[in-house]
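Participant: Return a 3D structure for these sequence lines:
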Amino acid sequence: MGEKSAQKRKYILEKAREVFAEKGFKNVTMKDVVEACDISRGGLYLYFSSTEEIFLAVLSEETPDEDDEAITKALNNDATAGDMLALFLKEQKKEILRKKNSLVIASYEYFAGKDLPSSENPLRKQFETGVQIVQALIENGIRAGEFICADPYGCARNLMYVVEGLKVSAKTIGVSEAAVDRELLYILEGLMPADN
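Facilitator: Take a look at the predicted model:
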């Protein structure tokens with residue numbers, strides 16, 4: 001694919017992302033994408049044959065998680081496990097409260113209708129990665145005496161279920177920033193030794 005074609009494809013995906021963020025997955029048609037991109041139907045079909053193909057391309061174009069970059073930076077600066085967990089949760093909070101261009105609803109609509117093995121479901125992979133990151137941070141915090149926790153894996157899993165629930169709730173029923181802070185703080189307080 002030449003440079004001009006690559007730029008056109010990127011433009012289509014950017015506009016399609018906006019459409020999916022606004023309408024979800026199920027309500028998007030090829031006509032919606034054509035109109036958002038202000039191109040001909042044939043022009044769109046040069047790059048994509050269906051809304052499903054476009055949506056999967058949009059998901060694959062997602063930028064690397066800022067969480068991973070922030071945690072790597074924190075590790076390089078000898079941050080405490082508590083600081084790194086707070087940084088991770090700050091990034092999650094940003095995604096929970098993201099008003100524009102969120103693909104949460106579209107992703108749940110799409111993957112809820114697919115009978116994929118867990119190993120092939122990107123939502124499951126994202127969830128499990130979050131659990132692994134949080135578990136590692138909790139275990140590091142226990143070793144450093146910052147946290148107390150009898151079951152780091154269970155706590156990490158619970159925290160990620162809360163995060164996922166807040167993401168969906170924020171897009172469906174509305175969740176205030178104070179409510180997000182309260183729920184995340186509740187979990188963090190459970191990790192703190194009694195003398196803190």
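
Participant: So what touches stretch 138-152?
Facilitator: Taking Cβ atoms under 8 Å, 6 or more residues apart in numbering as the criterion, the residues outside stretch 138-152 that touch it are 80-82, 84-85, 135, 155-156, 190-193. C-beta here means a position set from N, CA and C on the backbone, and glycine is covered the same way.

Participant: Not counting sequence-adjacent ones, nearest residue to residue 135?
Facilitator: The shortest distance from residue 135 to any residue other than its chain neighbours is 3.9 Å, reached at residue 156 (Cβ to Cβ, 6 or more residues apart in numbering).

Participant: do residue 177 as well
Facilitator: When the adjacent residues along the chain are set aside, residue 177 lies closest to residue 97, with 6.0 Å between them (Cβ to Cβ, 6+ apart).

Participant: What distance do you get for that neighbour to residue 78?
Facilitator: Plainly put, residue 97 is 29 Å away from residue 78 if you go by Cβ to Cβ, to the nearest Å.

Participant: Give the residue from these two that has the larger number of neighbours.
Facilitator: Taking residue 97 and residue 78 together and counting by other Cβ atoms under 10 Å, residue 97 has the greater number of neighbours (15 against 7).

Participant: for that one, what are its contacts?
Facilitator: Residue 97 is in contact with 170, 175, 177, 180, counting by Cβ under 8 Å, 6+ apart.

Participant: Drop anything exposed from these.
Facilitator: 170, 175, 180 (16 or more other Cβ atoms under 10 Å).

Participant: Tell me if I'm right that the second one and residue 167 touch.
Facilitator: No: in this structure, residue 175 sits apart from residue 167 without contact. The criterion is Cβ atoms under 8 Å, and the distance is 9.0 Å.

Participant: which neighbours do those two share?
Facilitator: Contact criterion Cβ under 8 Å, 6+ apart; residues bridging residue 175 and residue 167 by contacting each: residue 96.

Participant: which is the next helix or strand following the helix or strand of the chain with the lowest mean pLDDT?
Facilitator: For the chain, scoring each helix and strand by mean pLDDT, DSSP states H and E identifies helix 66-76 as the least confident one, at a mean of 54. Of the helices and strands lying after helix 66-76 in sequence (DSSP states H and E), the nearest is helix 81-97.
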